[in-house]
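**Student:** Whatever this is, show me its structure:
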Amino acid sequence: MIPLGPVNLVGVVTARGLVGCGAIDVAALEKFSYPAARVRPVSGPSISTVADLLAGLVKEANEGAKREGIVVGMTGKEALDLLS
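**Tutor:** Numbering: from 1, shown residues only. Have a look, this model is predicted:
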């Protein structure tokens, strides 16, 4: 978690990819063949903690993340488990 003024940049990096908040550009990371998924909150306006990230739902996944089994609608925890 990186505090950026009024918001936090939240993401978890594993040996095989990244699951992060809405500020993560999964399309840009696809250009580097890096699996990445973006998570939306299930409550509140944004992902602000790692707990929010784990409970949130995958909103977008690039092709690398999809090859790892990540699909839109799964939880952030489920996505991270696939990248671990």
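**Student:** give the contact list for residue 30.
**Tutor:** Applying Cβ atoms under 8 Å, 6 or more residues apart in numbering, we find residue 30 in contact with 36, 62, 63, 64. All C-beta spots, glycine's among them, are computed from the backbone N, C-alpha and C.
**Student:** Who wins on neighbours among those residues?
**Tutor:** residue 36 (26 neighbours; other Cβ atoms under 10 Å).
**Student:** next one: phi and psi at that one?
**Tutor:** phi -150, psi 140 (degrees, to the nearest 10).
**Student:** That one: what's it in contact with?
**Tutor:** If you count contacts by Cβ under 8 Å, 6+ apart, residue 36 has them with 17, 18, 19, 20, 24, 26, 29, 30, 61, 62, 64, 65.
**Student:** Now, those residues that are in strands?
**Tutor:** 17, 18, 19, 20, 61 (DSSP state E).
**Student:** for the second one, what are its contacts?
**Tutor:** Listed by Cβ under 8 Å, 6+ apart, the contact set of residue 18 reads 11, 12, 24, 29, 34, 35, 36, 37, 83.
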